[in-house]
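Asks: Pasting a predicted model and its sequence here:
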Amino acid sequence: MSSAPNGASPKRIFVAEDEFLVFLALEDDLKGRGYEVVGPFTTVAKARAAAAGEDVDLALLDINMGGEMAYPLADDFAAKGVPFIFLSGYDADSLPERYRDAQRIAKPYDPRILIANVQRILEGEETA
Amino acid sequence: MEGAKYPIVGIGASAGGIEALKHFFGGLPADTGCAFVIVTHMSPDHRSLLPEIVARFTEMPVHAAANGMNADPNNVYVLPKDAVMGIEKRVLTVRKHSSARRRRKSVDQFFASLSKDVGEYAVGVVLSGGDGDGTLGAKAIKENAGFTLAQTAGDSTPQYPDMPRSAIESGVVDAAVPAEEMGARIAEFAHSFSAMDHFEKAAHTADGQASQHESRSEICAILTSRTGHDFFGYKDKTFWRRVQRRMQVNRLDGFGPYIDLLRRDSREVDALFRDLLIKVTSFFRDAEAFGVLQKEVIPKLFANRGVADTVRIWVPACATGEEAYSIAILVREHVQHLEQAPKVQIFASDIDEAGLTVARAARYPEALLDSVPPERRKRFFHAEDGSYVVSKEVRELCIFSSHSLIRDPPFSRMDLISCRNLLIYLGPEIQKQVIPTFHYALRPGGYLFLGASENATQYGDLFTPVDKKFRVFRRGDDSVAHAHLPHIGSGVTATHFGRANHAFRGLGTIALRHAAESQVLERFAPAHVIVNRDGDVVFYSQRTGKYLEAAAGTPSRQLLGMARKGLRLELRTALREAVDSERRVERENVAVETEDGRIQLVQLTIDPIVERSDAERLFLVVFSDIGAPLDKEDAASKLAPPPKNHKRSSSDDMVQQLDRELRETRERLQTMVEQYETALEELKSSNEELVSVNEELQSTNEELEASKEELQSVNEELHSVNSELNGKIEMLDRTNSDLTNLFESTRAATVFLDRDLVIRSYTPAMSQIFNIRPGDRGRPLTDLASRFSLPTLDADVRQVFITGESLERSVTPVPHGMQFQLRIVPYRDQDERIGGVVLSFVDITSLARAEEHQRKLIAELNHRVKNMLAIVIGIAEQTYRSSGDPKTFKSRFVERIKGMARSYELLSRENWRPAQMSDLVRQQLEPFGMDRVASNGPEVRLSPRQALSLGMILHELATNAAKYGALSAEKGRVHATWTAKNTKNGGAGVEFRWLERDGPRPKEPEAEGFGLKLIREEARHALGGSVQSAFKRDGLEVALKFKIEAADGDT
């Protein structure tokens, strides 16, 4: 069940989400799989500041955080080569050109799909 | 039969004929040697008795005419019932005619037949009747030198004068006399033939020929001096026939007396003149020839002629106008088919004034219209009082004038000359003159139309035949040499005697002779003056002072006024006589009182000056003294007739003298009477003229009236058209100002271009797009600087022109971010043709922005809804974890969703703008009873996001209080208070306090519940603040601190 490799330190997942209740659900799902959750960060500014100092394996990014768009944050992770997944109610057409083809999971998300995507990115082809 | 030559008298009568016949036979001498044929129109009943009736009037045998009956002298033949009669070789031909024929022309038929058969032995008598029968027949008789009579009023009066009047008006009647006088005329006519026979026999001898030639020269000289017309060239036979007829009419036997008559009576000269000119004309005489004229000639006259051109036609010798009107009718018929008809002038001329008068009146007896087909008769004539009047449209084409083809200069530039049956009357000499005259008068290529027996072929260099049979010729184009005016007439026209007498012309014997003549005239000739017919002196000789003296008053040339005492009376009568008779008049022994009171006896001679031209007649008045002047007594005795017997008593002398005076006085009286009558005649004719002028004026007046009415109605129409126009102009003004206002008010930039992209007009908004000013109307749009780059504009406009469909294109101005839609629509004028294009630029910037905004809103909505669902899922999960059983889960979950709903309700009421904190508190706590809640705080507005978070916190606090805290007890109360203070960074710092009182003593929960966790995390994350809670003895106390988010409202 648990995908966290024994002995090795758990994979760190950065979560930027302004809705506390949503974060709680995410945290439950990720922790339940043995991942370490870094967050939540509720504003873009706080998230970018945090991201600069954190070494993470994956980022889950809400696009609209308190009315602010999270693309600069995504740019930071892209620059660092950290993979990221958008979590958003927006459809692809509403995204800027450069992120049309980015990984994206629609809200409200299905936890199984979320986990499957996270696992695919972090553990290669292993899928649920 | 052959040798027997005797006159046959045709008698035409109709209504009123019996009475006329009675008078006719009553006046007829016995044994005239003539045969009489009576042709009547009378109704069959009358006619059956006619021979018996006629038999009562005459001793001669009367027969009902039968076919094959000889017409013998001194016999009377009566046309039988229902028959037409002719005559051939003096044998009557009688045919039954179909009774269906309504209009009978039996008189014309018989007369025509008679004239053909016996020529100059034919006599036509037209008696009382009600129509125009006999006129044509009389014409035929007259043409063949027969004798014609028509009945006028005398002792007997024609009961129905129409028939004789028609004949008289046609100018073909020799003797217009009462019926009872006709017999004598006919008898004389019959007897005159012996003289004729003698004459004809004489013509075969050389002597006779010479004398005839002499007579003819004399007659011609008289004719020329009187009428100015030269008949030397007329054919011999024609000439003598006419002269003989006049001799018969005047009951003269031999040329001597006739020439005397001609000298004496100028009226006879006129009559002979008219007879010489007579020719029979009728409408469309020789219909086939006119057919050729209509088909072959007239269309060519009008070919290539425009409205500005004139077609000129000349009818010389038009006589009574029938030929001219016939041509005018043909012209009218042709012109009515032309779209653009040139002007037409038909000049009709003749030397016979009487004929011209008939022609000008344009009124013809029905008989002359026989060869006019009914449709032409209907179209070009109208019947009036039994005669036919040429319609105005035909009449106005013709111009009649007195003109001699032989003597006067010809007309010129004619397209057609129609001269039918004139040349036959002219001798070869005159023909030789006339035909070149025609050539001169025609324009090159003009046509000449002659009569059937006339020809111009011997003038092949002048004319080429077009139709030989019907004598149509065409003027050659080439013969310039001949196109000069031929020699006209005698050439002598001058009347300046005074100068002619004194002029020395030339040298040698002629000059010498002149000089001698002048000297003789001055020295030895009696005193003389030359006067005109009115007695005005035009020339004085020397030494006239003895007879004339200047009269008192204004200077005058009047001879009678200047005559000395004693001379005037004789001068007046003698001059009058000379003028009237145009012969020499002499008066002997006229006593003139000289200046010294003595008496000079004078012979007065007045002699007409023989002059060939028709210029004013002049008279030479010669005063010759008889002896020396005498004393008064001597003169008186000399004037008295020489006493034959000294024994005669002085009373006898007295009586003789009185007798003579009486005679002279009577003569003078007679002269006066004649003058008076002449004056009366003149007055009458003046009166007639005045009447006709009056008629003309009246008709002109009527025309003017009609024109006035027309003008008035036109004026009315113009008024109404004008007011309509005014109304339209007002409408136009209004529409125009509406359009101007529309242009001003509309924000749409519109420009109207023509096919060359030239600006016609534009709306003011256009200046946003182009640097366009009012002066730019008329310039091509492409010349103007635009804020757009419109590289395809030219091509686009062309495409609209080609397809006729409008085209749309969105364009963006070069400098800033507005957006326009350019619409190119074809501009269609009233004929639905594309006369240009309309370019309109519509500002769609705000529309584009609105679209963008809407797109964003939809995305936002998606985001929010999905976010909300994620939150709801979160709440559900967390609530589920903290609730033991489904029932608890359900109630807690539903409570929380309801709490959220309340916050949403408030925010949507506030339109998602910042909401009042007091309102939020009330909204969340109301379900728990506001009487138990004391809320208090300053006005603070919260952004929707913060409001939602705080709402959730309040909900958790209130449900917790209701379950475990103050609100679970009956007396428990809650105090919700807040304060606000300004902090740094601009936003306000809010401190919210929640105090529960008078409830059960609270217990510290052993583990933090979901509610508390939610409160804490919401405060931290969503509000960006902090929360402190304490379970005190009096109740739970919570303090919440956060900063107000900038209220941008668009979370």
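Replies: Now that the structure is in, tell me what you want to look at.
Asks: For the stretch 201-350 of chain B, which residue gets nearest to chain A?
Replies: residue B:339 (77.8 Å; Cβ to the nearest Cβ). From N, CA and C alone the C-beta is placed, and that goes for glycine too.
Asks: Need the three-state assignment for that residue.
Replies: coil (DSSP: H, G, I helix; E, B strand; the rest coil).
Asks: ditto for residue B:29
Replies: coil.
Asks: residue contacts, the residue nearest the centre of chain A?
Replies: Centroid-nearest residue in chain A: residue A:60, 0.9 Å away (criterion: Cα atoms, centre = their mean). Residues near residue A:60 by Cβ atoms under 8 Å, 6 or more residues apart in numbering or on different chains: A:13, A:14, A:15, A:16, A:17, A:26, A:84, A:85, A:87, A:118.
Asks: what does the model give it for pLDDT?
Replies: Note on residue A:60: pLDDT of 88.
Asks: Phi, psi for residue B:379 please.
Replies: Torsion angles at residue B:379 (phi, psi; degrees, to the nearest 10) stand at phi -80, psi -40.
Asks: what number of residues lie near the closest residue to chain B within chain A?
Replies: Proximity of chain A to chain B (Cβ to the nearest Cβ) peaks at residue A:89, 2.8 Å away. Residue A:89 has 23 neighbours, counted by other Cβ atoms under 10 Å in any protein chain shown.
Asks: about what we covered before: which of the contacts of residue A:60 fall in helices?
Replies: If you go by DSSP state H, these have A:26, A:118 in helices.
Asks: Now do the strands in chain A.
Replies: A:12-16, A:36-41, A:58-62, A:64-65, A:68-69, A:84-88, A:104-106 (DSSP state E).
Asks: Walk me through which strands the first one pairs with, and which way each runs.
Replies: Counting by DSSP bridges, the strands paired with strand A:12-16 are strand A:36-41 (parallel), strand A:58-62 (parallel).
Asks: Need the residues that contact it.
Replies: So strand A:12-16 is contacted by A:23, A:26-27, A:30, A:35-42, A:44, A:47, A:50-51, A:54-62, A:65, A:70, A:73, A:77, A:82, A:118 (Cβ under 8 Å, 6+ apart).
Asks: The residue of chain A closest to chain B reaches residue B:860, doesn't it?
Replies: No: applying Cβ atoms under 8 Å, one finds residue A:89 not in contact with residue B:860, separated by 9.1 Å.
Asks: So which residues on chain B come close to chain A?
Replies: B:859, B:862-867, B:869-875, B:877-878, B:945, B:1014, B:1017-1018, B:1021-1022, B:1024, B:1048, B:1050-1051 (Cβ under 8 Å from any Cβ of the partner chain).
Asks: Would you mind writing the ChimeraX command to select the buried ones in those residues?
Replies: The following ChimeraX line selects those of the residues of chain B next to chain A that are buried, judged by 16 or more other Cβ atoms under 10 Å in any protein chain shown:
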select /B:859,862,863,866,867,870,871,872,873,874,875,877,878,945,1014,1017,1018,1021,1022,1024,1051
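Asks: got the CA coordinates for stretch B:164-174 in PDB?
Replies: Extracted in PDB, the C-alpha atoms of stretch B:164-174 (Å, rounded to 0.1, in the frame of the first residue of the first chain):
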ATOM      1  CA  PRO B 164     -75.600  78.800-111.900                       C
ATOM      2  CA  ARG B 165     -73.700  80.500-109.100                       C
ATOM      3  CA  SER B 166     -71.300  77.600-108.900                       C
ATOM      4  CA  ALA B 167     -70.600  77.800-112.600                       C
ATOM      5  CA  ILE B 168     -70.100  81.600-112.500                       C
ATOM      6  CA  GLU B 169     -67.800  81.400-109.500                       C
ATOM      7  CA  SER B 170     -65.700  78.900-111.300                       C
ATOM      8  CA  GLY B 171     -65.000  81.700-113.900                       C
ATOM      9  CA  VAL B 172     -66.100  79.600-116.800                       C
ATOM     10  CA  VAL B 173     -69.300  81.400-117.800                       C
ATOM     11  CA  ASP B 174     -69.200  83.800-120.800                       C
END
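Asks: tell me how far it is from the chain's mean position?
Replies: Computed by Cα atoms, centre = their mean, to the nearest Å, the separation of stretch B:164-174 from the middle of its chain amounts to 38 Å.
Asks: With stretch B:821-838 instead?
Replies: Here stretch B:821-838 is found 44 Å from its chain centre; the criterion is Cα atoms, centre = their mean.
Asks: Okay, buried residues for that stretch please.
Replies: In stretch B:821-838, counting by 16+ other Cβ under 10 Å, buried: B:821, B:822, B:823, B:824, B:826, B:827, B:835, B:836, B:837, B:838.
Asks: can you redo those residues as a markdown table with distance to residue B:18, pLDDT and secondary structure?
Replies: Output for the buried residues of stretch B:821-838, formatted as a markdown table (distance: Cβ to Cβ, whole Å; pLDDT from 0 to 100; DSSP: H, G, I helix; E, B strand; the rest coil):
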| residue | distance to residue B:18 | pLDDT | secondary structure |
| --- | --- | --- | --- |
| B:821 | 111 | 82 | strand |
| B:822 | 109 | 84 | strand |
| B:823 | 105 | 87 | strand |
| B:824 | 103 | 88 | strand |
| B:826 | 95 | 87 | strand |
| B:827 | 94 | 85 | strand |
| B:835 | 90 | 81 | strand |
| B:836 | 95 | 84 | strand |
| B:837 | 99 | 87 | strand |
| B:838 | 98 | 88 | strand |
